[in-house]
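Q: coords please:
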Amino acid sequence: MAKPTRLLDEKIRAALQAVVVDANAYGAAGPDLARLTRLAADLAKINIRTWVPEPVAWEWAEHLAAEWSTIRTVAKMAAGRLSTAGLPNAATITLGLSDRILVIQEFLRLLAEVPHVEVIPLSGESAIEGLKDQILLRDPAKPKGDAGVKTGGSDSAWIREVLAQAGTPDALLFLSQDRDIKRAFQVWGLGEPLMRTTSTLRPSLVEDVPASTNDQWLVARYLVGHLPMDLDDTAPDTDQQLVGSNTQGLLDAIDLDWQEHGWTGGRLTKLTALAGVSNVVCEAAEVHEPGKAPDTRTVRATAFFLADAEATVVYSFGDDEPASESTSNHTDLIARTRLVLQVRGSEVVSVRADSDTFVFSPSRYHDYQDAIEEVTDVLTSVPGLELPNDWGGWENDGEQQLTIHGTDQVAELHWEHGDYGGLAVWIGTDAAHVSCEYDDSTWIGGRDGFHVEPPYSLTTETPSVSSAGAWPLSAWMILRLLEQEPNEPTAPTNH
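A: Numbering: from 1, shown residues only. Here you go, the predicted model:
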């Protein structure tokens with residue numbers, strides 16, 4: 001589990017004028033105006049501006065236009081097939097806008113209207129210097145690919161422009177995942193640029209307040225009450241959006257190896273259980289005139305869910321072979337997302353995802369001792385749980401009581417060594433077991449061979465199911481602890 005991002009030093013924050021949004025800020029999916037709108041509003045509260053360089057806006061617009069062209073082609077083909085089949089009104093499939101230029105113009109118009117977002121025009125001087133960089137291959141421009149295509153002029157131009165606008169590099173923070181910005185700063189002798197991603201920006205700039213254990217359990221109780229959730233049945237404009245619009249890591253998590261044969265796509269289909277919450281914070285209360293304070297407060301939390309997914313592969317092994325399509329379902333996945341919850345009193349009134357959703361599968365390990373790190377992440381994602389003082393390896397033995405703040409329930413940890421380590425957690429008369437296991441089929445080559453993949457993995461057995469990895473342990477613990485809560489209000493109705 002990633003460590004929480006530290007708040008930047010007060011002097012660094014005081015010097016900042018603007019956050020500069022790069023084209024890759026929201027991943028390969030392109031712009032996310034809803035998240036950009038919320039980000040700009042949050043930054044405006046702390047007197048930091050939000051800048052989108054004009055070439056970044058153009059790059060976003062072109063990406064959307066290309067997607068529009070692709071979708072239009074597919075839609076026309078589908079409409080033709082439906083019409084040929086005699087289905088009425090099949091040819092009425094439309095995409096709203098009739099031309100890719102209109103798509104570009106409409107997006108640029110919408111971007112210009114986002115409150116607190118400034119599109120920074122590209123000056124002629126910056127554009128010329130960027131072209132010189134690209135054509136003359138001056139650093140930070142560079143050739144790309146075997147054909148030696150010259151690239152980097154666009155980034156060079158807009159980086160020059162925002163530096164000119166700010167007057168000093170210390171005034172800028174870049175919302176980006178692009179190493180080319182670091183390269184430009186190094187070439188120009190500007191030191192190291194201040195860069196963050198969408199998941200690390202806010203905790204770097206805003207001093208949120210750690211949430212109480214009661215708030216941690218409030219979040220967990222609400223989420224459990226809305227699970228399992230069939231994502232196909234959840235409308236995108238509801239107040240219960242638990243998954244971000246952009247999903248990362250899914251194809252790696254389900255380990256599909258079809259990319260060389262054709263198009264591969266995947267999507268989350270279901271959230272089956274809450275596996276943990278971490279980094280739960282409350283936004284610091286704003287100062288309001290008497291009687292005008294809002295009746296809700298904002299809580300942010302990273303949530304982990306057990307999840308199912310579906311993958312589709314369209315593949316062909318040669319020009320003479322017809323294309324085929326294969327769809328498969330996958331379980332034992334974990335989805336992680338950052339949520340923003342609006343709370344009124346002791347009731348959650350809405351929740352939305354405020355990050356991409358990252359999907360991963362249970363890990364495998366070269367050394368069985370490394371597996372304890374996953375168990376640590378899993379247990380510390382249970383609200384209020386405090387690990388024993390001597391935690392850190394499989395070598396412990398006997399029984400230990402787990403302290404879980406915010407609940408009257410008692411959990412006991414029993415060490416079960418087995419061949420490579422294991423443990424059991426007892427709550428009442430029920431127990432869940434986690435064991436580390438060795439897969440001897442990963443070794444090939446006889447005496448002088450090697451492991452073709454890490455041989456150690458974790459398995460969890462609860463009273464109802466056996467699953468890969470350790471995250472089902474925390475899912476079982478959270479559900480079991482909430483089931484045993486005395487005198488708690490009924491959880492919301494399942495979707």
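
Q: residue ranges with poor pLDDT in this protein?
A: Counting by pLDDT under 70, the ranges of the chain that qualify are 1-4, 29, 88-96, 142, 145-153, 233-240, 256-264, 285-294, 315-324, 484-495.

Q: Which residue ranges of it form helices?
A: Listed in chain order, the helices of the chain (DSSP state H) span 10-15, 33-45, 54-84, 100-112, 124-135, 153-166, 179-187, 201-205, 213-225, 250-254, 371-380, 471-483.

Q: is it possible to export those helices to CSV including mean neighbour count and distance to L387?
A: C-beta here means a position set from N, CA and C on the backbone, and glycine is covered the same way. As requested, the helices of the chain are arranged in CSV below (neighbours: other CB atoms under 10 Å; distance: least, CB to CB, whole Å):
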stretch, mean neighbour count, distance to L387
helix 10-15, 12, 32
helix 33-45, 17, 33
helix 54-84, 16, 44
helix 100-112, 15, 47
helix 124-135, 17, 52
helix 153-166, 22, 45
helix 179-187, 17, 37
helix 201-205, 19, 23
helix 213-225, 21, 15
helix 250-254, 19, 27
helix 371-380, 20, 6
helix 471-483, 24, 13
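
Q: can you tell me which of those comes nearest to L194?
A: With CB to CB as the criterion, L194 lies closest to helix 10-15 of the helices of the chain, at 7.3 Å.

Q: who's in contact with that closest one?
A: With contact meaning CB atoms under 8 Å, 6 or more residues apart in numbering, helix 10-15 is reached by I46, T168, D170, A171, L194, L205.

Q: Tell me the spacing between L7 and P140.
A: Remark: distance between L7 and P140 (CB to CB, to the nearest Å) = 30 Å.

Q: can you check P115 too?
A: Separation of P115 from P140 (CB to CB): 33 Å.

Q: More neighbours: these two, which one.
A: Comparing P115 with P140 by other CB atoms under 10 Å, the one with more neighbours is P140, at 19 against 9.

Q: hang on, that one packs against D133?
A: Yes. Here P140 reaches D133: they are 7.0 Å apart, a contact under CB atoms under 8 Å.

Q: can I get the contacts of helix 10-15 in JSON lines with distance to F185?
A: As requested, the contacts of helix 10-15 are arranged in JSON lines below (distance: CB to CB, whole Å):
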{"residue": "I46", "distance to F185": "24"}
{"residue": "T168", "distance to F185": "12"}
{"residue": "D170", "distance to F185": "12"}
{"residue": "A171", "distance to F185": "14"}
{"residue": "L194", "distance to F185": "10"}
{"residue": "L205", "distance to F185": "20"}
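
Q: just the buried members of those?
A: D170, A171, L194, L205 (16 or more other CB atoms under 10 Å).

Q: Nearest residue to E453 in space, ignoring adjacent ones along the chain?
A: Of all residues not flanking E453 in the chain, T442 sits nearest, at 5.2 Å (CB to CB, 6 or more residues apart in numbering).

Q: swap in T37?
A: In space, T37 is closest to V114, 5.3 Å off (CB to CB, 6+ apart).

Q: where's D439 relative to Y365, distance?
A: D439 sits 11 Å away from Y365, going by CB to CB.

Q: what's the answer for T197, then?
A: Counting by CB to CB, the gap from T197 to Y365 is 27 Å.

Q: before we move on, what about T37?
A: Going from T37 to Y365 by CB to CB gives 42 Å.

Q: what does A211 give?
A: 32 Å.

Q: What of W391?
A: W391 is 18 Å from Y365, by CB to CB.

Q: Tell me where the stretch 351-495 of the chain has strands.
A: 357-360, 364-365, 385-386, 399-404, 411-415, 422-427, 430-438, 443-444, 450-451, 456-461, 466-468 (DSSP state E, counting those that start in this stretch).

Q: could you dump these to CSV with mean neighbour count and distance to S328?
A: Formatted as CSV, the strands of the stretch 351-495 of the chain follow (neighbours: other CB under 10 Å; distance: least, CB to CB, whole Å):
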stretch, mean neighbour count, distance to S328
strand 357-360, 21, 15
strand 364-365, 18, 20
strand 385-386, 18, 35
strand 399-404, 15, 38
strand 411-415, 17, 37
strand 422-427, 20, 31
strand 430-438, 19, 25
strand 443-444, 11, 26
strand 450-451, 12, 26
strand 456-461, 22, 21
strand 466-468, 15, 16
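
Q: and the ones you listed as JSON lines, adding distance to R297?
A: Output for the strands of the stretch 351-495 of the chain, formatted as JSON lines (distance: least, CB to CB, whole Å):
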{"stretch": "strand 357-360", "distance to R297": "24"}
{"stretch": "strand 364-365", "distance to R297": "41"}
{"stretch": "strand 385-386", "distance to R297": "24"}
{"stretch": "strand 399-404", "distance to R297": "25"}
{"stretch": "strand 411-415", "distance to R297": "30"}
{"stretch": "strand 422-427", "distance to R297": "31"}
{"stretch": "strand 430-438", "distance to R297": "34"}
{"stretch": "strand 443-444", "distance to R297": "55"}
{"stretch": "strand 450-451", "distance to R297": "51"}
{"stretch": "strand 456-461", "distance to R297": "35"}
{"stretch": "strand 466-468", "distance to R297": "36"}
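
Q: Q177: which of these is closest?
A: Smallest distance to Q177 across these (CB to CB): 13.5 Å, for strand 357-360.
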